[in-house]
Each structure stands twice: as structure tokens, then as C-alpha cells.
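Engineer: Below is the sequence, then the predicted model.
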Amino acid sequence: MAKQKTTFFCQNCGAESPKWIGKCPSCLQWNTFVEEVVQKTPPKDQWTVNAGISENKIQAKRISDIEVSELNRIDTQNEELNRVLGGGLVPGSIVLLGGEPGIGKSTLLLQVALQMINQKVLYISGEESEQQIRMRAERLNLTLSDTFVLTETNMQNIAFAIKQVQPTVVIIDSIQTMHSELVESSAGSISQIRECAGEFHKFAKQSNVPVLLIGHITKDGSLAGPKVLEHMVDSVLQFEGDRNYGYRILRSVKNRFGSTSELGIYEMQSSGLRQVSNPSEILLSHRDQMLSGIAIASTLEGMRPMLIEIQALVSSAAYGTPQRSTTGFDPRRLNMLLAVLEKRVGFRLASKDVFVNIAGGIKVDDPAIDLAVVCAILSSNEDIEIDDKICFAAEVGLSGEIRSVNRIEQRISEAEKLGFERIVISKFNQKAIPKGSKIQVIAVNKVEEVFKYVFT
Ligand code: TYD
Ligand code: MG
């Protein structure tokens, strides 16, 4: 018998190595290499029965001859999800939904499955039994639908079930629980995830049936398993939420068929996820009282826009040397902004303690939050509240000039989506203001100009 070939794979990023190594050279994580058996024989095709691929089907086409119709997107009957997908589910696309355990991924997709009455949905779960799924459907008050449900983790059996049911939409909960007999490593390992995702990809492209995959995420918030998974799929959606509030945010991290700046908002209720079409209702419930020292910044984390709350506290220094302390913000940048306020605007802050905190325990190094930091500091210093409907997206330069920031359209539309009425940006960003936006955009040149809009 031929010797089995094994390779070591980094469980974090999917890098390969013929030998075990302690530290992954590509993602620099320690102890992530695991030995997996690699199959060299070409796997037999499981999807050909109804696709009937033959040589004469393989033909390259001229780009002008390829027909596309925008209208054939599948309506998921869920407006927020449609929006995040860029107008509905594209036939033959493969969508990955990631999120922390318990955030509501299974609930969201089961709810979508049960509501898509004009589609034949096959919901395959490797995590819950049929009874549990039925109980969840009862909880969602959606038992009349004729969605098909299957508890299965074996890819070959799933392929059989798909041929039997002939669904028009397939949902897989979750890709990490699936395993294929063609690969010998255990479910959830890099080679299994890659193989199974590859099979679903092949199926989706051949049959034009969209496949929605649920994916787990790791402790540090990235999608569990390999980055390769993200490359293989057409769209990656991220489901996030706040444990203390019932709302959930669905964003698109990657989308081959639409923009990644859209987001969908839901509220988890006892009977499932409610779509929140007016997002300001949840933002407003956070703060029923206006407080000084708080300013909202529209920032980007990677490609993702989000609004964050900057809190500042300015008080007279109790000891000789004033303290400057920050949480989630670069202290050197704070010192620079304080020097600008002192020298260019004439505020006497040299003898004051200044504390800056980014709410929610996150760390931001986007310079676009500068203006919000400056306004929060002045708001606390003067003890004047900033209107909670205004937000900021601009960098502050050394001479007190307001500098432009990248992706301003995304920041503005995020602010608008979250219910803000005004946003302060740099004059140099004015050209890029999206047309038809309802939010009032205030473009300024100098720090001093901002105050008349904010503190009146
Ligand atoms: P679930 O969809 O199982 O999360 P995931 O698949 O992302 O791990 O969500 C489970 C949580 O949602 C659980 O804590 C209970 C809550 N939940 C509700 O609050 N209301 C509901 O109607 C349902 C079905 C779940
Ligand atoms: Mg689940």
C-alpha cells in the first residue's frame, strides 16, 4: 500500500508546510500547525448527475455575448438581508455568514428559509436535530412553510439529499461541522473546510442554486478556519451584536455582487429577529440624557464603517503635573491635539487633567476620529453638551486645519443610516458627498469654525 501523504496546515490562516513548525511564517501565530492527510487521487464529481457536464459545454465566451439580467436576483423576503446582499440573492452565488456563537446566525437563516415561500429551501444542519429546528420554527411562529430540513454532516449524503429534494436555495449550518469522505482529517480542520466549501462552490456554480453557509468565528473575531474560505465564496456577511442590547448588525465584508458599505439591523426578540428599518431608534435609546464630553465619530475599521462614541473628561489637575490618559486612543495623538487646541485655538488646557476614552472597549487608530476627540474635550471643558444627532469625520492637522479622510461616502452613509442628522467633515472632502443624502453635511476648514456649529 502506498504511503499516506500528510502535510501540516496552519489552523489559523491555512498555510502549508511539509514539516511541523512552531510559529506560522505567514500569520505569525504559535502552535497552529496540525498534521492532515492529503488525498492525491482526484475526487469523483458528486454533482454531475443533474448537471450533465460534458466536453462540449466547456466553451469560453466573448464577454459581449454573455447575457446578464439584474432582475433574476432571488428575493429573500427579508429587506435588511436583501440590502446587505446588494438587492437579493444572486443565483449560483455562495454566501458565508459569520458570527460569534449565540449571536443568532441559525435563527436568521432559519427565519429567512421559512419566509421564502416562493422558493424550495433545503436547510441542512450539522448542529441541531430536526426536532430542535422544528421547535425553533414554532418559536418563530413560522411552521406553515414547506422548507425541507435535514440533519446531516456527511457531504456525500448531502449531495444525495440535494439531488432528491431539488431545492432552489440551500442553507448549511455550519460549514465547520461538515465532512467529506474524500478527505481523511476530522470535521472542522482546514482540509475538510476547504474540501466541503469547494464542493458547495462547485454545486452552486453548476446548478445555479445559491448556497448560504454559516461559519463560526474564532476568539479574535476572524472567521474560523482558513482565509481560503473567504476567498472561495462570493460574499462574506458578518453578524455582530452587543450582548447588553438586543440589537444585531449584519454587514457585508466582501461582496462580489454589491457594495460592502451596506448594513442591516435587527433586534433579537423572544420570537426571532425583527428587522429594524429606522436605526436611530436603537441609538437614541442608549442615551436618554445629553451629557457633556461625548462626541460621535464616524470611523472605519478595516473596510467596515461604524460610529463610535468618544468620551472625554477635563478637570483641573489635582497634582502638579497634569495627567493625560487614554483608553483605545493613541496618547501621543492626544498630546498633539491638546497642543493644537492650546496654540491655535487658545484654550488653556496645560493645567488640566485630560482623559479620553473610546466607549465599548475598542481601539481605534483611524485619524478621522480626531475632530470628535477635539469636540469631546472642549465639550467637557466648557461643560456644554453636543447635540446627539451630530457626528464627525475629519482629521485635525498641526495648524488646526481640518483635513480630508478616505472613504467619506461610506462614513456619511453609515451616519445617515444610523439616524444622524448632521455630520462635520473637511472642506476638501466636499466633492465626494453622495448625492441625494438626507443628512446635512457641514464642511469646515479650521477647528475654530466647527465650534459655531456644535456649541450653540
Ligand atoms: P442562534 O441562532 O442559535 O445562534 P448561533 O446560530 O449564531 O449560534 O441564537 C441563539 C440565541 O438567540 C439564543 O441565545 C436565544 C436567542 N433567541 C431569541 O432570543 N429569540 C428567538 O426567537 C430565538 C430563536 C433565539
Ligand atoms: Mg447555530
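Structural biologist: Happy to help now that I have it. Ligands and ions are numbered 1, 2, ... in the order given.
Engineer: Give me the three-state assignment for I162.
Structural biologist: Assigned by DSSP: H, G, I helix; E, B strand; the rest coil, the conformation of I162 is helix.
Engineer: Now do it, the pLDDT please.
Structural biologist: Per-residue pLDDT puts I162 at 94.
Engineer: Then S186?
Structural biologist: If you check S186, the pLDDT there is 83.
Engineer: swap in the one 10 residues further on?
Structural biologist: You'll see C196 listed with a pLDDT of 92.
Engineer: Leaving out sequence neighbours, find the closest residue to it.
Structural biologist: M178 (4.3 Å; C-beta to C-beta, 6 or more residues apart in numbering). Quick note: C-beta positions are derived from backbone N, CA and C, even for glycine.
Engineer: contacting residues for the one you found?
Structural biologist: By C-beta atoms under 8 Å, 6 or more residues apart in numbering, the contact set of M178 is 126, 153-155, 158, 172, 187, 192, 196.
Engineer: Which of the residues you listed scores worst on pLDDT?
Structural biologist: By pLDDT, A187 ranks lowest within the contacts of M178, coming in at 82.
Engineer: Can you classify that residue as helix, strand or coil?
Structural biologist: Going by three-state DSSP: A187 is coil.
Engineer: which parts of the stretch 1-150 of the chain sit against ligand 1?
Structural biologist: Contact residues, the stretch 1-150 of the chain versus ligand 1 (C-beta under 6 Å from any ligand atom): 99, 101-107, 136, 139-140.
Engineer: Mind putting these into a markdown table with distance to P167, pLDDT and neighbour count?
Structural biologist: Below are these laid out as a markdown table (distance: C-beta to C-beta, whole Å; pLDDT from 0 to 100; neighbours: other C-beta atoms under 10 Å):
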| residue | distance to P167 | pLDDT | neighbour count |
| --- | --- | --- | --- |
| G99 | 24 | 86 | 24 |
| P101 | 26 | 85 | 7 |
| G102 | 27 | 85 | 11 |
| I103 | 25 | 87 | 19 |
| G104 | 23 | 91 | 20 |
| K105 | 19 | 93 | 23 |
| S106 | 18 | 94 | 22 |
| T107 | 20 | 94 | 19 |
| R136 | 19 | 93 | 17 |
| R139 | 23 | 92 | 14 |
| L140 | 20 | 92 | 17 |
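Engineer: Secondary structure added to those, as JSON lines?
Structural biologist: Formatted as JSON lines, these follow (three-state DSSP):
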{"residue": "G99", "secondary structure": "strand"}
{"residue": "P101", "secondary structure": "coil"}
{"residue": "G102", "secondary structure": "coil"}
{"residue": "I103", "secondary structure": "coil"}
{"residue": "G104", "secondary structure": "coil"}
{"residue": "K105", "secondary structure": "helix"}
{"residue": "S106", "secondary structure": "helix"}
{"residue": "T107", "secondary structure": "helix"}
{"residue": "R136", "secondary structure": "helix"}
{"residue": "R139", "secondary structure": "helix"}
{"residue": "L140", "secondary structure": "coil"}
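Engineer: Now rank the contacts of M178 by neighbours and give me the top one.
Structural biologist: Counting neighbours by other C-beta atoms under 10 Å, I172 leads these with 27 neighbours.
Engineer: can you list the domains in this structure?
Structural biologist: Structural domains annotated on the chain: 1-41, 79-277, 282-455, as defined by automatic domain parsing.
Engineer: Wait, I94 touches V236, no?
Structural biologist: No: if you go by C-beta atoms under 8 Å, I94 and V236 don't touch, sitting 10.1 Å apart.
Engineer: related to what we said a few turns ago, which one of the domains of the chain has the lowest average pLDDT?
Structural biologist: Lowest mean pLDDT within those: domain 1-41, a mean of 82.
Engineer: How far does that domain sit from its chain's centre?
Structural biologist: Mean-position distance between domain 1-41 and its chain equals 29 Å (C-alpha atoms, centre = their mean, to the nearest Å).
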